[in-house]
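Asks: 3D, please:
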Amino acid sequence: MNFMPLFKNKLDRIKYKKEIFVVALIIIPITILATILLSNRQELRSNIALVTQDAQSVQEFPENNKFTIIPVKEKPTLSNLILGYYDAIVEKNNEGTYLVMTVIKSKKDTDIISNYFNKKESPVDYESQDLERGVGTKVLGFIIMIILMQGVAITMLYTEDRTLRTFGRIMMAPVSEQLYIASQGIFTFICLYFPTYLALVITKEVFGVELGFGLGLLALLIGMVTALGTAFGLFMSSILKQNVSLTASLFAIITSLLGTCLVPFKVNNSVIDGMISLIPQKAFMEILEGAEKGKELLQFKGQLIDLAVWILVLWFFGSYVIQRKVSSGNY
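Replies: Okay, here's the model as predicted:
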């Protein structure tokens, strides 16, 4: 058995995975459309939760076009800030001073929010960080998360072979585990790359939406994140035995949130911010933001190296786990 029969086998089986086609043909286009519509909003306000027992107390603060004050009787949990339900939580202490809690706002923005509530100062200098991004960066930011989850979904063909014990029978044919892994990787990459790139090309060329990237650069950027999704899918499918899709999807969502794929932010802590900078999605978003502003890719050598290292490491360890289990007879 050589490469082509392995590839054709996966192609025949993928036709019955309806959920993969739903994501490729429905979810990705809807994501692009929704992101474009939200990006075209003339006014984007930050949601601020004000902990108060009197909902009418919001009227004592001056009207503005920067904040939407949402009165809540109970203080929201920290997860509400992390997930972006609120941009800040404001609560009055015993001394009558309003305290501001944020996790993704700069010190400058936090001070502006504090002065608005404590000194009734106009937040004229406040600007949502999300407005600094163009349409293309916002669209690709969402697509990164989808590609990571899709990478795992497509690599489920390997986990099926493992669970149904067909992997061992495949290895009995004249085929090595390296060839099997290569066929799975190429198959995953192709299934991720072409639907995503085609959807973006149609968005740009047919509907005339300016994404901020040329078709050549767009092809290269999609190639980068597709390679990451392919390696991520192999790695997660190799190290996990149960609930692979659920666990990997949760991991993809959390790291994408921390990697500023959905909302740009900077934590006011150098240690935590340094740890977040290690996330591969963070490096990709920095490349996107710079490229959208006209900078050359070679100006982001550090980020490109980070991405390449992550791709190689995830692929190497995923392959190593498979080969080790084959050698030990687990498959």
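Asks: so residue 47 sits in a strand?
Replies: Yes. According to DSSP: H, G, I helix; E, B strand; the rest coil, residue 47 belongs to a strand.
Asks: change the start of the numbering to 40 and stick with it
Replies: Got it, the first residue is 40 from now on, which makes the last one we talked about residue 86.
Asks: so who does it touch?
Replies: By Cβ atoms under 8 Å, 6 or more residues apart in numbering, residue 86 lies in contact with 106-107, 109, 124-126. Placement of C-beta: from N, CA and C, glycine included.
Asks: So which of these wins on neighbours?
Replies: residue 126 (24 neighbours; other Cβ atoms under 10 Å).
Asks: By mean pLDDT, which helix or strand of the chain comes out lowest?
Replies: One helix or strand of the chain scores below all others by mean pLDDT, DSSP states H and E: helix 205-211, with a mean of 65.
Asks: Return the alpha-carbon coordinates of stretch 54-62 using CSV.
Replies: Provided in CSV are the C-alpha atoms of stretch 54-62 (Å, rounded to 0.1, in the frame of the first residue of the first chain):
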residue,chain,number,x,y,z
LYS,A,54,-17.7,12.2,2.6
TYR,A,55,-19.8,10.8,5.5
LYS,A,56,-18.6,13.4,8.0
LYS,A,57,-21.4,15.8,7.5
GLU,A,58,-20.3,18.0,10.5
ILE,A,59,-17.1,18.9,8.7
PHE,A,60,-18.9,20.0,5.6
VAL,A,61,-21.3,22.1,7.7
VAL,A,62,-18.4,24.0,9.2
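Asks: just how off-centre is that stretch within its chain?
Replies: Put simply, stretch 54-62 sits 21 Å off its chain's centre (Cα atoms, centre = their mean, to the nearest Å).
Asks: for the protein, which helix is longest?
Replies: Ranked by residue count under DSSP state H, the longest helix found in the chain is helix 340-366.
Asks: just the helices in this protein please.
Replies: Using DSSP H, helices in the chain cover 42-53, 57-61, 67-78, 117-121, 146-157, 174-193, 195-202, 205-211, 216-240, 254-278, 283-297, 309-315, 319-331, 340-366.
Asks: just those: most buried one?
Replies: helix 174-193 (a mean of 24; mean count of other Cβ atoms under 10 Å).
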